[in-house]
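Enquirer: Sequence first, then the predicted structure, then my questions.
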Amino acid sequence: MKKLVTALGLVVLLTVVAFGIYKFNGINNDIHVEQAEVTEAAVETVAEINEVQATVSQTEKEVQSVADSGTQTDKVAKSAEVAPPPPVETPDPVAEPEPEPVAEPEPVAEVDFTIIKHTDPDFSDTPKKVTVFGVPIYAFAAVPDVKITHAANLMAQYLDNNEDGVVDDLAVVNAMKNNKSFLIMWAKESDVDDFDFPDGYYGQDLGSDETSPKWHQNKSGEFDAALEEVLHLVTGAGYAYAYPDVFGETRGTELANAMDTARGGYFKKVPSSYPSNAWYSYDDTTCDYACMITEYFYWSLSSHLGAQSSRANEIDEEWRANTPAILKSKDTAVYSLLTNSSYSLPTVLPDGSYTQTTDD
């Protein structure tokens, strides 16, 4: 019994102990369970927080992406916008091309050979005057009117060789005017010797006694030297200035080069003798190089126009290309200049009978 009680007591004790252990373990288990649950809840909370943060981050990215997309869209939209067309400039009305200016023909001027009395300063010693295309001819009182008129006709024919009332080369006439050129006719050599040529003028003298209108009737008798002196004025004051590189009276011009060939070489002054092959051998020692060119122009042009054809014996010592044919074959350089239409040189020898004709 005692053993039974002891056993029962032991059982009870064991039971109590077991129950205590059980309770302890239960409590401990509960604690572990609660800790586990708390840990699990914390993990879940952290996970939820991380998930929320991830969501927030994703949302921020999406927002930024949307913003960036909007900005890019704006850029694309702006670039895609059709730029307003540049202002269209209204073109100037297309002007019809202006026609090339047509040079107005020189007015046909009635050439008046009326001799007048004048009061031009510096020319009081020469009371007679006639003007040809703006170029005056003055004469001393004793010079016959017929001689003055003849010289005026010759000048008109040199300047207007086809006699249509219009000068053939306006540049030549303008040069003569610019140089204040004039012809002065004298009755006695003392007239011109005593005459004081005014400064700033280009003058050429012509003697009454060397003016021979009758020579032109059959080109015989006393030669009409007015052909020479009037031409000297036209070439010296006109052509030499209108075309200085061609007809200028200085070394190196085309005319001067032709003259040097005709003289057999360049001579600044008249040589003691000319080469045997020269056909121009002017020997007036008072004539300088420019003067030589003036004389050469006269000899060549007058020969080309036929004025010297019958005068070989008279002029042989000075000039030996006296006919058009000889000039053409011997002096090819000057012949080329004389026949160049650019310079409108005379093609017909003046005869002192200028007759103005115009087309109606």
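Expert: Looks like it arrived, so ask away.

Enquirer: How is this protein divided into domains?
Expert: Following automatic domain parsing, the chain resolves into domains at 1-64, 116-343.

Enquirer: Can you tell me the SS state at residue 131?
Expert: Put simply, residue 131 is strand when judged by DSSP: H, G, I helix; E, B strand; the rest coil.

Enquirer: If you could redo that for residue 267, that was the one I meant.
Expert: The three-state label for residue 267, taken from three-state DSSP, comes out as coil.

Enquirer: Next, the contact list for it, please.
Expert: For residue 267, the contacting residues are 260, 289, taking C-beta atoms under 8 Å, 6 or more residues apart in numbering as the criterion. C-beta: built from backbone N, CA, C; applies to glycine.

Enquirer: got any ranges where the stretch 1-150 of the chain has weak pLDDT?
Expert: Low-confidence segments of the stretch 1-150 of the chain, defined by pLDDT under 70, span residues 1-110.

Enquirer: just the helices in the stretch 101-250 of the chain please.
Expert: 145-159, 170-178, 189-194, 215-218, 226-234, 240-242, 244-247 (DSSP state H, counting those that start in this stretch).

Enquirer: Could you list every helix and strand in contact with the fifth one?
Expert: It refers to helix 226-234. Contacts defined by 3 or more C-beta pairs under 8 Å, 6 or more residues apart in numbering; DSSP states H and E place helix 226-234 against helix 145-159, helix 170-178, strand 181-186, strand 202-207, helix 289-304.

Enquirer: Contacts for the second one, please.
Expert: Think helix 170-178. Contact with helix 170-178 is made by 106, 133-135, 159, 167, 202, 233-234, 237-243, 344, as judged by C-beta under 8 Å, 6+ apart.

Enquirer: Just the buried ones among the residues you listed, please.
Expert: Listed as buried from the contacts of helix 170-178 are 133, 135, 159, 167, 202, 233-234, 237-243, 344; burial here means 16 or more other C-beta atoms under 10 Å.

Enquirer: what's the most distant pair in those residues?
Expert: The largest separation in those, counting by C-beta to C-beta, is between 202 and 344 at 20.4 Å.

Enquirer: Tell me the confidence at residue 243?
Expert: Looking at residue 243, its pLDDT stands at 98.

Enquirer: Could you find the closest non-adjacent residue to it?
Expert: Counting by C-beta to C-beta, 6 or more residues apart in numbering, the nearest residue to residue 243 once its immediate chain neighbours are dropped is residue 343, at 6.4 Å.

Enquirer: same question, residue 261
Expert: The spatially closest residue to residue 261, leaving aside those adjacent along the chain, is residue 333, at 6.1 Å (C-beta to C-beta, 6+ apart).

Enquirer: That neighbour and residue 300, how far apart?
Expert: For residue 333, the distance to residue 300 (C-beta to C-beta, to the nearest Å) stands at 10 Å.

Enquirer: Which one's more surrounded, these two?
Expert: residue 300 (25 against 16; other C-beta atoms under 10 Å).

Enquirer: any idea of the pLDDT on that one?
Expert: As predicted, residue 300 sits at a pLDDT of 98.

Enquirer: Apart from its chain neighbours, what residue comes closest to it?
Expert: Using C-beta to C-beta, 6+ apart and skipping residues adjacent in sequence, the residue nearest residue 300 is residue 334, 4.6 Å away.

Enquirer: so the one you found touches residue 258, yeah?
Expert: Yes - Residue 334 lies in contact with residue 258 (C-beta atoms under 8 Å); the separation is 4.3 Å.

Enquirer: Please say which of these two ends up with more neighbours.
Expert: The residue with more neighbours, out of residue 334 and residue 258, is residue 334; 27 against 23, by other C-beta under 10 Å.

Enquirer: mind listing what's buried in the host helix or strand of the more buried one?
Expert: Assigned by DSSP states H and E, residue 334 falls within helix 332-338. For helix 332-338, the buried set under the neighbour-count rule, 16+ other C-beta under 10 Å, comprises 333, 334, 335, 337, 338.

Enquirer: what is the mean pLDDT for that helix?
Expert: Per-residue confidence for helix 332-338 averages out to 98 on the pLDDT scale.

Enquirer: helices and strands around it, which ones?
Expert: Secondary-structure packing of helix 332-338 (3+ C-beta pairs under 8 Å, 6+ apart): helix 254-263, helix 289-304, helix 324-330.

Enquirer: Contact partners for the residue nearest to residue 261?
Expert: Contact partners of residue 333, counting by C-beta under 8 Å, 6+ apart, are 254, 257, 258, 261.

Enquirer: Now, of these, which are buried?
Expert: When burial is judged by neighbour count using 16+ other C-beta under 10 Å, the buried members of these are 254, 258, 261.

Enquirer: Would you check how far apart the residue nearest to the second one when sequence neighbours are not counted and residue 295 are?
Expert: I take that to be residue 258. Distance criterion C-beta to C-beta, 6+ apart; nearest residue to residue 258, sequence neighbours excluded, is residue 333 at 3.8 Å. Taken as C-beta to C-beta, the spacing of residue 333 relative to residue 295 amounts to 16 Å.

Enquirer: do residue 196 as well
Expert: Taking C-beta to C-beta as the measure, residue 196 falls 25 Å from residue 295.

Enquirer: out of the two, which sits in the busier spot?
Expert: For residue 196 versus residue 295, the count of surrounding residues by other C-beta under 10 Å is larger for residue 295: 19 against 7.
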